[in-house]
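Trainee: Pasting the sequence and the predicted coordinates here, then a few questions.
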Amino acid sequence: MDDDQLLLWGGLGVGLAVLAWWKGPDVVEAVRDVVTRGDRLTYTDVGVDGQIADEPEQLRAQAAIALGRDAGDLLLDVYSAARMVRSEGAARANIRTHVLLNDAAEKGWSVHQTVTASNPSLASGRYGQQYTPVGPGGYKTVKRYSTARDPYRADVYAVEEAMVEHRNGLDPTGGAVKFLDISSMGGVQQGTGSYAAKVADWAKEGLRPFTLPGDSDLVVFRRVG
C-alpha cells in the first residue's frame, strides 16, 4: 500500500470516528457498507410478521439493474443467496454459500426455495427473519435462514464466485449442510439457545460440528456415519 492509499484509509478511519460521535453507529455502518461492499442493491422493510412483502422476482430485477446488468441478468438463486449471506454474516460469505448449496442439493430444492422455506408454509417463498417473536420475550424459528437484510454488490460477487467453485468441485466445507456462529448463540442473536444444546439436537440428525482453518467461531456441520 503506497503513501496516498495510507492517507486515504487513515482519513476514512478518522471520518468514521467523527461520524460515530456525531451521527451514531447506524450511519457509520452505512458509510462502511458503501466503501467496502459497494452499492446497496435493494431496499426492503421487515413487516410486523417478520416477513418482507416485496416480491422476490421484483427485487431480483431491481438488484440486476443496480449492478448495471439487464433486468433478467441475475439469477434469483444468486440474489437470494446474497440476501442470506448479508443477513447471516457476510464476513464468511464463501463458506456460507457452499453450505447453502449443499443444503439445497440434499433437499432437492433450489437455493431460493431453501433460504425461504418456512413454517408456517404461508411464509415460504418470501424473504424475512429466521426467528419471529412469540409472546413476551419468546421466539420461534420460522425460516431455515435469515434473509431479512438487503444485499450489497460485494455479496453478489462473493456468491457468484462460490457457485462457480462449487460447480467445479471445490467445496472448502467438506460437504457441510449447516453452519452456525458460536458467538451468536445463547440469546445473543434473538431466538438462539445454547451452542451445546444445538450440537446435541443436530447430532440426532447425524450431524457433527467441524471448525475450519482460521476460524474458531463459524462452525459447519457434516453428516457422519
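Mentor: Received it, and whenever you're ready, just let me know what you need.

Trainee: For this protein, give me the ranges with low pLDDT.
Mentor: In the predicted model of the chain, residues 1-36, 133-141, 190, 225 satisfy pLDDT under 70.

Trainee: for it, what spans make up the strands?
Mentor: Using DSSP state E, the strands found in the chain span residues 131-133, 139-141, 178-181, 207-212, 215-223.

Trainee: Check the burial of the closest residue to residue 150 other than its chain neighbours by counting its neighbours.
Mentor: Distances taken as CB to CB, 6 or more residues apart in numbering place residue 42 nearest to residue 150, at 4.8 Å, with adjacent residues excluded. The C-beta positions use only the backbone N, C-alpha and C, and glycine is treated the same way. When neighbours are counted by other CB atoms under 10 Å, residue 42 registers 21.

Trainee: Residue 62 is in contact with residue 42, correct?
Mentor: Yes: with contact defined as CB atoms under 8 Å, residue 42 counts as touching residue 62 (5.2 Å).

Trainee: Mark out where each domain of the protein begins and ends.
Mentor: 1-37, 40-172 (automatic domain parsing).

Trainee: center of this structure - which residue?
Mentor: By CA atoms, centre = their mean, the chain has its centre lying nearest to residue 85, at 2.0 Å.

Trainee: Pull the contacting residues for that one.
Mentor: 93, 96, 97, 151, 155, 158, 159 (CB atoms under 8 Å, 6 or more residues apart in numbering).

Trainee: if we can go back for a sec, just the domains of the chain: most buried one?
Mentor: domain 40-172 (a mean of 19; mean count of other CB atoms under 10 Å).

Trainee: Can you lay out the domains of the chain as a markdown table showing distance to residue 203?
Mentor: Formatted as a markdown table, these follow (distance: least, CB to CB, whole Å):
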| stretch | distance to residue 203 |
| --- | --- |
| domain 1-37 | 36 |
| domain 40-172 | 17 |
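
Trainee: The strands of the chain: which one's closest to residue 55?
Mentor: Residue 55 sits nearest to strand 131-133 of all the strands of the chain, at 20.5 Å, using CB to CB.
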